[in-house]
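Undergrad: The amino acid sequence is not available; the structure is as follows:
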C-alpha cells in the first residue's frame with residue numbers, strides 16, 4: 001500500500017467493493033476485519049470502543065466513507081466479537097486497578113495499539129488515517145504518540161485524554177458499565193438495547209428496530225463477558241495522557257456530542273485543548289453513540305479534516 005495520499009474525490013458509483021470477514025495474526029492475537037472500498041485509495045482505519053464489535057461502525061457508515069475515496073478497514077478489538085478472547089482474570093484485574101495496582105491485568109491499551117499496528121502490517125498499510133471512538137480514540141492516541149509516522153491524521157470521537165479532573169459519567173451511564181453481561185440471546189439483546197438507550201443521551205431518538213438487528217448480529221458473532229471487564233481495566237490502568245498529548249504532532253480532529261452521558265462534552269474540549277493545532281467539532285444532541293442522525297455531520301467533518309491535511 002503506498003504511503004503517499006491520493007487526491008480524495010467523491011465516487012459517483014453507489015457500488016462499493018467490500019470484502020468478507022478475514023482473520024490475521026497480529027501482535028500475537030487473531031484479529032478479524034473486513035474492508036470497504038478500493039485498496040488503491042488512502043487507508044482509513046476505524047477503531048471501536050469498550051466491549052463493542054466492529055459492526056457498530058455500521059455498514060452504511062463505512063460505505064459512505066468509501067464513497068468519499070477511502071479504503072475503509074474496520075476490525076474487532078481483542079476480547080470483542082470474533083477476534084481473540086482472553087482468559088480470566090477479568091473482574092479481579094479490574095478490582096486491582098481500582099485499588100491502585102495492575103496485578104492480574106490481562107493486557108494494556110498499548111497492547112491493543114500494537115494489535116492495530118499489527119493489522120496494518122498484515123494488510124501492508126504503511127500509514128493510515130486513524131479514527132477511534134471512545135476507547136478506540138484512546139488506542140488511537142497511543143498509536144499516534146508512539147508511532148506518529150504510521151498515523152496520517154487522527155479523528156477522535158467521544159473520547160478522552162484520561163485527565164482525572166474531568167467531570168465523571170452520569171450515574172446511569174456509569175452503572176451501565178458494571179451491569180452484568182448476559183450470555184443468553186434474549187437477555188443479551190435487551191441488555192444491548194438498554195446500553196444503547198442510555199449511551200445515546202436522550203436527545204436523538206433511538207431506532208429500536210435497527211438496534212435490535214445490530215444486537216442480534218452482535219450475539220451471533222460472539223459475546224465475551226470477561227472481555228468487557230478486561231478492556232475496562234486496561235482503560236483505567238492507562239492513566240492520564242494529557243501531558244504527553246502536548247507533544248503530539250499529528251493533525252487531529254476531535255468530535256464530541258454535547259449530550260454524551262458517559263464522557264461528558266468537557267472530555268472532548270479538554271482533549272482538543274491538550275493536542276496542539278487540533279480542531280474541535282461539537283455535535284448538538286449527540287450522545288455516546290454514533291446514531292445515523294449524526295453521520296452526515298461526522299463524515300463531513302472527517303472528510304474536510306483529512307482533505308485539509310493530506
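TA: Sure, I can see it. Just so it is clear, the model here is predicted, and its values are computed rather than measured.
Undergrad: So residue 66 is in contact with residue 39, correct?
TA: No. Assessed by C-beta atoms under 8 Å, residue 66 is found out of contact with residue 39, at 11.1 Å. In this view, the C-beta of every residue, glycine as well, is placed from N, C-alpha and C.
Undergrad: Compare neighbour counts for the two and give me the winner.
TA: Ranked by neighbour count (other C-beta atoms under 10 Å), residue 66 and residue 39 place residue 66 first, with 21 against 14.
Undergrad: right, and the helix or strand after the lowest-mean-pLDDT helix or strand in the chain?
TA: Using mean pLDDT, DSSP states H and E, helix 91-98 stands out as the lowest-scoring helix or strand of the chain, at a mean of 53. Downstream of helix 91-98, the next assigned helix or strand under DSSP states H and E is helix 109-122.
Undergrad: just the strands in the chain please.
TA: Here the chain has its strands, by DSSP state E, at 22-26, 29-36, 43-47, 71-75, 128-133, 151-157, 252-257, 279-283.
Undergrad: I'd like a version of those in TSV, one that adds mean pLDDT and mean neighbour count as further columns.
TA: Listed next are the strands of the chain as TSV, based on pLDDT from 0 to 100; neighbours: other C-beta atoms under 10 Å:
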stretch	mean pLDDT	mean neighbour count
strand 22-26	98	16
strand 29-36	98	21
strand 43-47	98	27
strand 71-75	98	26
strand 128-133	98	27
strand 151-157	98	26
strand 252-257	98	27
strand 279-283	98	19
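Undergrad: what sits against residue 297?
TA: By C-beta atoms under 8 Å, 6 or more residues apart in numbering, residue 297 lies in contact with 281, 283.
Undergrad: For it, give its distance to residue 290.
TA: Distance from residue 297 to residue 290, counting by C-beta to C-beta, to the nearest Å: 11 Å.
Undergrad: who touches both of these two?
TA: In contact with both residue 297 and residue 290: no residue, using C-beta under 8 Å, 6+ apart.
Undergrad: Can you give me the separation between residue 38 and residue 229?
TA: Distance from residue 38 to residue 229, by C-beta to C-beta: 39 Å.
Undergrad: now residue 52
TA: Residue 52 is 14 Å from residue 229, by C-beta to C-beta.
Undergrad: ok, now residue 243?
TA: In terms of C-beta to C-beta, residue 243 sits 28 Å off from residue 229.
Undergrad: ok, back up a step: can you list the strands of the chain in JSON lines and add distance to residue 195?
TA: Below are those laid out as JSON lines (distance: least, C-beta to C-beta, whole Å):
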{"stretch": "strand 22-26", "distance to residue 195": "27"}
{"stretch": "strand 29-36", "distance to residue 195": "22"}
{"stretch": "strand 43-47", "distance to residue 195": "19"}
{"stretch": "strand 71-75", "distance to residue 195": "20"}
{"stretch": "strand 128-133", "distance to residue 195": "14"}
{"stretch": "strand 151-157", "distance to residue 195": "17"}
{"stretch": "strand 252-257", "distance to residue 195": "16"}
{"stretch": "strand 279-283", "distance to residue 195": "20"}
